[in-house]
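Novice: Can you look at this prediction? I've put the sequence above it.
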Amino acid sequence: MNLLSPEWTAILYLIAAVCFILALKGLGSPKSARRGNLIGAFGALLAMVVVFLSMKLDNLLWILIVIAVGTIIAVPASRAVKMTQMPQLVALFNGVGGGAAGLVALLELAHSDNIAAFIAVAFTVLVGGVAFSGSVVTFLKLQELMPTRPIVLPAHAALIILVLLVGLAAAAVIILDDAVLATWGLEGMKDAAAIVGLASGLVLGVLLVLPVGGADVPIVISLLNAGTGLAVAASGLVLGNTLLLVAGTLVGASGSILTHEMAKAMGRSVTGILFGAFKGGSTAGSTAVSDRPVKSGSPDDVAILLGYAQRVIVVPGYGLAVAQAQHTMAELAETLEGKGIEVVFGIHPVAGRMPGHMNVLLAEANVSYDVLQEMDEVNPKFKTTDVVLVVGANDVVNPAAKSSPGSPIYGMPILEVSSAKQVIFLKRSMRPGFAGIENELLFEPTTTLLFGDAKESLTKVLGAVKAL
């Protein structure tokens with residue numbers, strides 16, 4: 001017996017859809033991101049409750065058991081994830097969504113009876129398979145369980161084309177009428193074609209992501225997220241569920257926009273990111289260590305430079321997150337401000353491993369949103385800045401993006417820290433950044449390097465600044 005009438009089901013689905021829209025709106029700003037996340041979670045919970053109350057569910061006990069098991073696994077696992085591993089978590093969640101959409105479409109094929117449903121099934125199994133396997137590969141790369149560099153197999157491009165053609169052929173079998181298929185001896189082959197389509201998607205996802213390396217991997221996560229959204233929207237058509245259609249479309253649209261913006265921030269095209277390795281244009285992820293001489297300093301040297309400055313710009317990067325040094329950095333900024341020194345944080349759109357990574361990290365340390373300035377806002381200020389403190393960033397401040405046409409990051413907009421009077425660069429070693437190239441900024445006469453773990457280095461610098 002259904003506890004909700006069709007009218008109330010539609011109204012509650014509409015409320016859930018509005019929650020998803022408001023959630024996306026809230027996630028557009030660090031100040032409202034927490035509220036947006038809670039609104040989105042409420043919308044998802046409401047949608048799930050409506051499903052239970054609006055239809056008769058078979059195997060209800062098994063459904064509840066699976067939900068309970070998933071909750072038991074997911075809650076502690078999510079709480080244990082570090083900020084540096086958040087992109088990996090996003091990749092896994094995205095992959096699960098795409099895989100689930102593909103499996104649902106596969107199972108619903110038997111209940112489909114019109115060409116629109118068949119098209120939705122064909123699209124969902126193929127794209128869902130790509131999203132699942134591609135997301136798994138991005139997880140493995142970011143987690144460094146496999147090489148982060150681009151991997152190009154023999155005849156890789158031909159393999160991609162071949163697998164894509166097989167997937168499209170399987171889609172055609174799913175879509176075409178049985179009478180047409182009968183003329184080719186393929187009548188009753190729709191189920192087998194759907195399995196082939198899903199398998200093709202799984203192989204295609206691996207082949208598409210393997211050649212992506214270095215700093216391009218997070219952008220591919222966003223692209224796959226868009227694909228998952230479209231697969232979920234298509235599964236909404238298969239199931240006749242309006243809310244899935246709305247939610248999937250929102251994810252697909254927002255993921256596409258985010259992919260475009262991230263690629264723009266890297267100064268690269270999406271096709272260049274996916275296929276650049278075939279012509280040597282992908283970020284390589286090299287770990288070669290330079291032996292060129294650099295000017296290094298001590299924490300006391302850094303403290304003197306900071307303590308007698310009028311304006312300091314901090315450029316945070318992934319190394320800050322790895323060292324979990326955000327609280328020490330926030331205390332250092334507060335100490336400098338107490339001495340009358342202006343301190344702002346320059347945030348590059350792709351600093352870290354995902355958009356907003358640095359904003360969230362610094363917000364965790366209670367750094368005011370007012371001192372977080374995006375690239376376009378902060379770049380004009382470097383020329384009149386006494387000291388720039390680069391903590392864990394590398395590629396986003398590398399002058400090669402503007403001066404070296406052969407560089408894999410050439411054309412990428414950067415934080416123009418080289419125009420400041422002094423640059424202090426905190427690094428563990430001379431290993432290159434995620435793009436796998438040397439940073440010429442390290443060898444400039446105005447740059448002083450402080451080697452060591454970012455948290456330990458900042459703690460020593462903080463003590464020395466307080467002693468001034």
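Specialist: Yep, it's here.
Novice: going forward, measure contacts between C-alpha atoms and count neighbours the same way
Specialist: Noted.
Novice: So what's the residue count around S298?
Specialist: S298 has 14 neighbouring residues, counting by other C-alpha atoms under 10 Å.
Novice: Just say helix, strand or coil for the nearest residue to it once chain neighbours are set aside.
Specialist: Nearest non-adjacent residue to S298, counting by C-alpha to C-alpha, 6 or more residues apart in numbering: L450, 6.4 Å away. Assigned by DSSP: H, G, I helix; E, B strand; the rest coil, the conformation of L450 is strand.
Novice: Next up, the contacts around L450.
Specialist: L450 is in contact with 296-299, 302, 424-427, 457, counting by C-alpha atoms under 8 Å, 6 or more residues apart in numbering.
Novice: change it to 6 Å
Specialist: 296-297, 426 (C-alpha atoms under 6 Å, 6 or more residues apart in numbering).
Novice: how about the residues you listed in JSON lines, adding distance to V49 and pLDDT?
Specialist: Below are the contacts of L450 laid out as JSON lines (distance: C-alpha to C-alpha, whole Å; pLDDT from 0 to 100):
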{"residue": "S296", "distance to V49": "60", "pLDDT": "85"}
{"residue": "G297", "distance to V49": "60", "pLDDT": "86"}
{"residue": "L426", "distance to V49": "50", "pLDDT": "92"}
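Novice: Sketch out the low-pLDDT regions of this protein for me.
Specialist: Along the chain, segments meeting pLDDT under 70 span 1-2, 214-215, 267, 276-292, 406-408, 432-436.
Novice: gap between stretch 155-165 and the chain center?
Specialist: Here stretch 155-165 is found 26 Å from its chain centre; the criterion is C-alpha atoms, centre = their mean, to the nearest Å.
Novice: got the CA coordinates for it in CSV?
Specialist: Listed next in CSV are the C-alpha coordinates belonging to stretch 155-165 (Å, rounded to 0.1, in the frame of the first residue of the first chain):
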residue,chain,number,x,y,z
ALA,A,155,48.2,1.5,-30.8
HIS,A,156,46.3,3.3,-27.9
ALA,A,157,44.4,5.7,-30.1
ALA,A,158,43.3,2.8,-32.4
LEU,A,159,42.1,0.9,-29.4
ILE,A,160,40.0,3.8,-28.2
ILE,A,161,38.3,4.1,-31.6
LEU,A,162,37.8,0.3,-31.9
VAL,A,163,36.2,0.0,-28.4
LEU,A,164,34.0,3.1,-29.1
LEU,A,165,32.8,1.5,-32.3
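Novice: Just the buried residues of that stretch, please?
Specialist: Buried positions in stretch 155-165, judged by neighbour count with 16 or more other C-alpha atoms under 10 Å: 156, 160, 163-164.
Novice: wait, which of the contacts of L450 is closest to G338?
Specialist: Of all the contacts of L450, G338 sits closest to L426, with 22.8 Å by C-alpha to C-alpha.
Novice: and the closest one, that's in a helix?
Specialist: No - secondary structure of L426 (three-state DSSP): strand, not part of a helix.
Novice: What are the contacting residues of stretch 98-118?
Specialist: Counting contacts by C-alpha under 6 Å, 6+ apart, the residues touching stretch 98-118 from outside are 121, 124-125, 128-129, 131-132, 175, 228, 232, 238.
Novice: Please flag which of those residues sit within strands.
Specialist: In strands, judged by DSSP state E, none of the contacts of stretch 98-118 are found.
Novice: Just give me the closest of those to N379.
Specialist: The nearest member of the contacts of stretch 98-118 to N379, counting by C-alpha to C-alpha, is T228 at 35.6 Å.
Novice: Can you point out the helix or strand that includes the closest residue to the closest one other than its chain neighbours?
Specialist: Spatial nearest neighbour of T228, excluding adjacent residues (C-alpha to C-alpha, 6+ apart): G98 at 4.6 Å. Per DSSP states H and E, G98 falls inside helix 86-108.
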